[in-house]
Structures are given as structure tokens and as C-alpha cells.
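In: Quick one: sequence and predicted model below, then my questions.
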Amino acid sequence: MRKTKPILLICILSFLAFSALVFINANATTTKTIVIKASVLDDVQVDYVDHFVTILEGGTVVINDTLRLSAKPGQTVTLTEYSLGFPYKYKYRLAYCFAFNASNPSQEFNVILDTGLGEIGYYGVTVVFPEGGVQLTDGQSFSFTTVFVFSNIIISSTYTYPSEEQLGKNVTEPVLTLDYPAYPSLPQNASSVNVTIVCPPKAPFVDGNPSTFSIGGNLEKGQILSLTRAPLEKLTNFIGWMNFTSQDNTYRVVTIDALERRIEIDGWGNIFVTEDYTVTSQMQQQLTGMRIRLPEGANNVSAWNLQGKAITAALADKNTTTYSVDFGLALNRGNSTKFKLTYYLPGTYYLTETTPGDFNLNFPTTKNLNRVARKLTTSITFPEGASLKQSTLPGTGDYILQKGALSEKILFTAYNVSLYNNMNLTMEYSYSLLWASYRPTLWMTALAAIGCVVALIWKAPRAAVPAPLPGVGVKTHVLRDIVSSYEERKRILRELDSLDTQMQKGRLPRARYKARRRMLESQLSRLNRDMVDLKQKVKSASPKYADIIKELEVAEAELQGVEAEARRVTAQYRRGEISLETYKRLQDQYNKRREKAKTSMDGALLRLSEGAT
């Protein structure tokens, strides 16, 4: 027993020592496997950030964040992606986002949305660079731009301040407030950030936070506010605001809830467009209208409310084809209305005949959207007998191809779109001009068949029948009014041309020129509005005269399109973009088309005047 106890004690001690050794080795092994990998951003520095804010119409705001990245001294880095963002409260105001190489804007990068920035309170996106990443070495830099398109971050309200004229009294005026990310939120510090805000025309800055802006630019074209902050701290969360006013009350915060655009192409290359708008006012004061930009070359524009009554659509800016539409009613904040626009587009702007019988349609679906449309539906109906060969459609949106017995149609739907989405519809189709005579031939055949049947049945001579009236429900004075309105319109247009000629030759003082031109344009606008009502009365009452009115409108659209093309070619010639020979050849073509359109208009007006006698 005495020998057994020491042996047992030795065994116990040996076991404890072995266990301790195993435990120590296990911990040592575990410690070696824990390796903290350094972030690639530890070797990258942000030299500067350009935070460029542009206020567009209707409450849409675009922010361009341009970052210049470089490797820290002595480092070489391969950067495959980069994340940035803004305070989380703006997440549901983001309509669209894209990124591109600042040195080569045509090189776009993939953007992954809603990736976060590693901490709560931020919305982040990740810009993914091309395969292989971007190589940064000591002394080299790389710049890229991320564009954020926001909607509904401008608030309409009022502000009150002491009156300078009447002591003790306050003045209350309308004000517009931009609620925006004052600085970008980055995952690391930046050496500096340059903030620039471009205000709308005639919209002076009142106050804001940050408030240390220097003000430049031109009030007529838009003030430019700028400031620099150095450094820009990691994950900056600064919600800024800026108050501004609209001097002429043309800046209106309006939401386009839905836009349905129907495009029809006929056999002669004419493009007819109908647009149905559903809009909601976000203004503090009552809203009676809005400005809408139409595609280049749009002419013969008419507007209608939900009840089918004509409303005013006046040309506000000829250079941008912007029209001012009067709703015909006053909208309070949060109230909506619907209206319709119809117009023609010259086929020479958007249609190209690549080979005989093969046509290419290139239509910029979103180029004219100077504000965000929550839902955009576009349908394109090709001429009867046309066959769609190939199409290039935007990467986002839903498409449906409908094939009918005689024609084909494409339906396209997209959400939260603006001019920055750059959605061009490019389509190739084949079409024979023989199809253009299909329906007239069909009608003539049907009429000839009916005539034969009537001739066989109606053999006996009949008493003379009085001549039919111009049309059921069409009064002769309405036809006379249309003809006289067109004559008056021709006179006004001739006088406008004469005014421009006299002004260019220095024969007319500028003040007198402006006054006379404003008066003539007002008369022309009122005349166009009256003509829309007269045309609608004729169209709804008599199919016969409705066809004449349609022929008149088509010829008028062709004439306006020719004049626009002629002006564009003249400008190109003056800039030296085309030769004299090309200029003369094109002008000869335009003169022939102009005479043909005028002949068609004169023929249509002659038939209307005959019906009025």
C-alpha cells in the first residue's frame, strides 16, 4: 500500500501536466489561425470630392458625386469596387442611379443598390469597376462619377419676415425649400469636398444650412452657389436645406404620376403622338398649369382636359420645345388632374430609310422628361403591312409585342424615369408603300360594289333629291369661321416674319419690335385656341368634313416640319457644318415639300369654303 500511493500520485500529476500542455497548444494553434485582413481602402486616399447639385423642374434634383482616388505613397492597389451614399431618409426619394468613368463618360459602371455603408442610418450603393479592377499606384489617380436622381425633395411652403416698409408688420411670401444631402457619405475621410448648387432660372437664393455659400452665376439663367469643406469626415451625415423663391412663379412642384404615350406611324412617314398625363400638385398655393417639354420638332400641339374640352397649350420656349399647359382649373396641394396632349413629329427627325422598303425608327423615349415620371407607358403602332425586323430596347422595363392581322405594336412600361435614364427605342421594320393605298383601294372597291348593287336595284327613274347639307350637325358659319381663321393666321405669320426681317435690318426699334411681337403672338395663341374648338365641332358632327380637317392638319404639320428643318439646315450652313452645294440641294427639296403642303392646305380650305356656301 505504501508503494501504491506514490505511484498513484505520480500518475495524477502526470495527467494534469499533460492536460495543461494540450490546452496551451490548442490555444496557441487557435491564435495562429485568427488573421485580421486589412481593408483595401487602408491603402487608398480620396483626394477630393465634387458634390454637384442641379435643381430641375417639378421638384426633381440631380446630384453628381465625382471622387478622385489615389494610392497612398509607396502603395499599389487593385480596386474592384467602391461604396458611397447618403442619409437613409432619402432612400425612398431616389428614382435612379448610375455611374461612369469621369475621364470617359461613355464607360458606364454597374451599380448595386441598397448595399449599406456598414453602419445604421445610411443608404449606400456600390459601384463595381470592370473586370480586373482599377490599378492604383503611387502618383496615379482615378476618378469616377455617381449620379443620383431624386424626386420630391423640394417642399413648397411660406415664410414670414418683418416688413421693411411698414414697421411692426410682417410679410408672408411663398418659398421653395430644397431638403438634400449636403455632403456625400463615404466609408473613409476625404481631403476636401467642393459643393456646387445650380438654381433654376429666376429663382434667387434666400438662406440655408450650410449657409457659407458664395453666390455666382446669372439670376436670369440660374444662380450658382459654391463652398468647400476640408476635410470631409468619414460617414458624414449632414442633412442640408436651402430656401429659394421663384420670381415669375414658373417653378412649380408637380408630380407626374402616370404618362401614357401612344405613337402611330403612317405609311408616309408621319408620326402622330398622343400623351395622357396624370399629375398631382405639391404646391402650397393653388396650381393652374405646368410646363412640359416635348420631343424635338413637335408641332400642331393641342391639349384637352378629362372631359374632352380644349385647354391652352402655348409655346413657352422654342429652343427646348417647352409648352405651358393650362389645366383649366385650380389644384390645391395633393389634388390631381388628367389631361391629354396631341402633336405631330416630322418623320425626317426620327425615321431613316436605310434601304428601299427598310426603315429605322430611333425615338428618345425619355429625352424630353425634365422631371421624374413615376410610370411611363409607351406604345408604338407601325403602319399597316409593316413587319418588325429588329429592335434595340432599354435594359429596364417590360415589353409586349402585339401582332395584329395588318399591323404590329410594341408596348413598353417603365417606372421612375427621367431624361437621365436615356431610354432610346431603336427599331427596324420593312414596309412597302403599296400598303399606303390599301385602305383607299379597299374603300373604293367597297363603294364600287355598293354602286353596282344600287344600280341593279334602282332602275326606275326617281324624283330629284335636294342636295345634302354640308354635314349632319355642321352649320355653315362654323366652316366659314375655320376658313377665315386660317386666313387670319396666315396674315399674322406673315406679319411676324416681316417684323423679324425689319428687326434684323435695323429698321425697327427693339422696344417697338417686342411690343408688336407680343401682341401678335397673343392674337395667334387666342386664334389657335378658337380653331381647336371649331375643328372639334366639325370632327364630332360630320365624318366627311372630319376627313378634310385631318387632311388639313396633316398638311399643316408637314409645313411646320419643313420650316423647322429648313431653319436647322440654314443654321448648320452658317456654322460651316455643310457645304453650299448640300445646302442648296436640301433647300430645293424643302421648297418642293413646302409647295406640296401649301397646295394640300389650299385644297382642303377650298372644299371647306365650298361647303360653307
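Out: Ah, there it is.
In: which stretches of the chain form helices?
Out: 4-33, 347-350, 438-457, 476-504, 510-541, 543-574, 580-611 (DSSP state H).
In: name the helices or strands packed onto the last one?
Out: Taking 3 or more CB pairs under 8 Å, 6 or more residues apart in numbering; DSSP states H and E as the contact definition, the neighbouring helices and strands of helix 580-611 are helix 476-504, helix 543-574. Quick note: C-beta positions are derived from backbone N, CA and C, even for glycine.
In: what does the average pLDDT come to for the first one?
Out: What helix 476-504 shows for mean pLDDT is 77.
In: which parts of it are buried?
Out: 478-479, 481-483, 485-486, 489, 499, 503 (16 or more other CB atoms under 10 Å).
In: Out of those, the closest to V61 would be?
Out: Sorting these by distance to V61 puts M503 at the head of the list, at 38.8 Å, by CB to CB.
In: quick one: low-confidence parts of the stretch 1-150 of the chain?
Out: For the stretch 1-150 of the chain, residues meeting the criterion pLDDT under 70 lie at 1-38.
In: which stretches of this structure aren't confidently modelled?
Out: Ranges of the chain meeting pLDDT under 70: 1-38, 389-407, 431-475, 541, 577, 612-613.
In: Spatially central residue for it, please.
Out: In the chain, the residue lying closest to the centroid (CA atoms, centre = their mean) is L369, at 1.3 Å.
In: Tell me the spacing between that one and E275.
Out: According to CB to CB, to the nearest Å, L369 and E275 sit 11 Å apart.
In: just Q523 next, same as before
Out: Applying CB to CB to Q523 and E275 gives a distance of 27 Å.
In: Who are the contact partners of the residue nearest to the centre of the chain?
Out: By CB atoms under 8 Å, 6 or more residues apart in numbering, the contact list for L369 reads 259, 293, 376, 417-419, 421.
In: returning to that earlier point: I'd like to know which of the helices of the chain lies nearest to G168.
Out: Short answer: helix 510-541, nearest of the helices of the chain by CB to CB, at 41.1 Å.
In: distance between that closest one and the chain's centre?
Out: Here helix 510-541 is found 28 Å from its chain centre; the criterion is CA atoms, centre = their mean, to the nearest Å.
In: Which one's more surrounded, Q523 and E275?
Out: E275 (18 against 15; other CB atoms under 10 Å).
In: do you know how far the closest residue to the more buried one other than its chain neighbours is from F359?
Out: Nearest residue to E275, sequence neighbours excluded (CB to CB, 6 or more residues apart in numbering): L341, at 4.5 Å. L341 sits 25 Å away from F359, going by CB to CB.
In: cool, K514 as well?
Out: 44 Å.
In: out of those two, which sits in the more crowded spot?
Out: F359 (21 against 13).
In: was I right about that one contacting L351?
Out: Yes - judged on CB atoms under 8 Å, F359 makes contact with L351 at a distance of 5.8 Å.
In: any common contacting residues for these two?
Out: Common contacts of F359 and L351, defined by CB under 8 Å, 6+ apart, comprise G269.
In: ok, so what distance separates K367 from T352?
Out: Look at K367 and T352: by CB to CB, they are 17 Å apart.
In: Sorry, wrong one. I was asking about Y161.
Out: Distance from Y161 to T352, counting by CB to CB: 58 Å.
In: Looking at the two, which is more packed in?
Out: Neighbour totals were compared for Y161 and T352, and T352 leads with 14 against 10 (other CB under 10 Å).
In: For that one, give its distance to N360.
Out: 5 Å.
In: go on, P509?
Out: For P509 relative to N360 (CB to CB), the value is 49 Å.
In: Comparing those two, which shows the higher neighbour count?
Out: The neighbour comparison of P509 against N360 (other CB under 10 Å) goes to N360, with 16 against 11.
In: Go ahead and confirm the more buried one touches G347.
Out: No - at 11.3 Å, N360 does not count as touching G347 under the criterion of CB under 8 Å.
In: residues touching the closest residue to D530 other than its chain neighbours, list them.
Out: The shortest distance from D530 to any non-neighbouring residue, by CB to CB, 6+ apart, is to S485 (6.5 Å). Applying CB under 8 Å, 6+ apart to S485 gives the contacts 527, 530-531, 534.
In: Tabulate these in TSV, adding columns for distance to A564 and neighbour count.
Out: Listed next are these as TSV, based on distance: CB to CB, whole Å; neighbours: other CB atoms under 10 Å:
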residue	distance to A564	neighbour count
L527	20	15
D530	24	15
M531	20	18
L534	25	17
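In: Closest to A571 out of the residues you listed?
Out: Taking the contacts of S485 together and measuring to A571 by CB to CB, the closest member is L527, at 28.3 Å.
In: Next, find the distance separating the closest one from K490.
Out: 11 Å.
In: re earlier: need the overlap of contacts for L369 and E275.
Out: Common neighbours of L369 and E275 (CB under 8 Å, 6+ apart) are L259.
In: which residues pair with I292 across the strands?
Out: On the basis of DSSP bridges, I292 takes part in beta bridges with Y323.
In: burial count for it?
Out: For I292, the neighbour count with other CB under 10 Å is 28.
In: residues touching it, list them.
Out: Counting by CB under 8 Å, 6+ apart, I292 touches 277, 322-323, 325, 341.
In: H51 too?
Out: H51 neighbours (CB under 8 Å, 6+ apart): 63-65, 183-184, 193-196.
In: Using ChimeraX, make a named selection holding only the buried ones among these.
Out: Buried subset of these, written as a ChimeraX selection, criterion 16+ other CB under 10 Å:
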select :63,65,183,184,193,194,195,196
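In: Name the nearest of the contacts of H51 relative to G267.
Out: N64 (44.4 Å).
In: I figured the closest one hits F52, correct?
Out: Yes - assessed by CB under 8 Å, N64 is found in contact with F52 at 4.2 Å.
In: Would you agree R293 is in contact with N319?
Out: No - at 10.6 Å, R293 does not count as touching N319 under the criterion of CB under 8 Å.
In: ok, these two, which is more surrounded?
Out: Counted by other CB under 10 Å, R293 and N319 do not tie: R293 has more neighbours, with 19 against 5.
In: dump the residue contacts of that one.
Out: Per CB under 8 Å, 6+ apart, neighbours of R293: 320-323, 368-370.
In: Now rank the residues you listed by neighbours and give me the top one.
Out: Among the contacts of R293, L369 has the most neighbours (other CB under 10 Å), with 23 neighbours.
In: Give me the phi and psi angles of that residue.
Out: phi -80, psi 90 (degrees, to the nearest 10).
In: gap between it and D257?
Out: Note on L369: its distance to D257, by CB to CB, is 14 Å.
In: what do you get for A373?
Out: For A373, the distance to D257 - CB to CB - is 8 Å.
In: who has more neighbours, these two?
Out: A373 (27 against 14).
In: wait, that one sits on L259?
Out: Yes - if you go by CB under 8 Å, A373 and L259 touch, sitting 4.7 Å apart.
In: Let me have the helices of the chain in CSV, extended by distance to G289.
Out: Below are these laid out as CSV (distance: least, CB to CB, whole Å):
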stretch, distance to G289
helix 4-33, 70
helix 347-350, 27
helix 438-457, 39
helix 476-504, 24
helix 510-541, 14
helix 543-574, 23
helix 580-611, 30
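In: these two touch, right, P295 and T320?
Out: No - P295 lies out of contact with T320 (CB under 8 Å); the separation is 10.8 Å.
In: picking that back up, which pair in the contacts of R293 has the greatest spatial separation?
Out: Y323 and L369 (14.0 Å).
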